[in-house]
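In: Structure for this input, please:
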Amino acid sequence: MARVNLLLFVLVLVSALYLVRTQYESRQLYTALDRAHGEMRRLDTEHDRLQVEKRAQATPLRVEALARAQLHMRSATPAITRYISMPEAAAAALAGPAPAASAAGGAP
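Out: Numbering: from 1, shown residues only. Coordinates of the predicted model:
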């Protein structure tokens, strides 16, 4: 009977130690989860801030101002626009092959 009592006492002790270890690991995991949620909220806020900044950087007025200031670009006006006429041979070459009648032998 003493052996059974000793065995039961050891089993209860091992079970209690396992319970304490499990609770400790559970608390650690909960703390890590809470930190991850905090990091997620921080990154989400930063993402939103960067999206707003990106939209602000891409406004047409800002792009035009940067083009004028840094690239020394200017708007195209009819006074500075040059029109080039293309020779007919080059235009025909760019137009591609002739209609199907000329490809079949030339005569209709």
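
In: Can you give me the distance of residue 12 to residue 62?
Out: Residue 12 is 73 Å from residue 62, where distance means Cβ to Cβ, to the nearest Å. Quick note: C-beta positions are derived from backbone N, CA and C, even for glycine.

In: Determine the set of other helices and strands touching the strand or helix carrying residue 41.
Out: Element membership for residue 41 (DSSP states H and E) is helix 2-57. Based on contacts counted as 3 or more Cβ pairs under 8 Å, 6 or more residues apart in numbering; DSSP states H and E, there is no element that helix 2-57 packs against.

In: tell me the SS of residue 73?
Out: For residue 73, the assignment made with DSSP: H, G, I helix; E, B strand; the rest coil gives coil.

In: quick one: it and residue 63 touch, right?
Out: No - using Cβ atoms under 8 Å, residue 73 is not in contact with residue 63; the gap is 10.4 Å.

In: Need the residues touching each of these two.
Out: Residues touching both residue 73 and residue 63 (Cβ atoms under 8 Å, 6 or more residues apart in numbering): none.

In: Touching stretch 18-32 from outside, list them.
Out: Contacts of stretch 18-32 (Cβ under 8 Å, 6+ apart): none.

In: Mind checking the pLDDT average for that stretch?
Out: For stretch 18-32, mean pLDDT is 98.

In: Now that stretch: buried residues?
Out: Under the neighbour-count criterion of 16 or more other Cβ atoms under 10 Å, stretch 18-32 has nothing buried.

In: ditto for stretch 35-54
Out: Buried-residue list, stretch 35-54, by 16+ other Cβ under 10 Å: empty.
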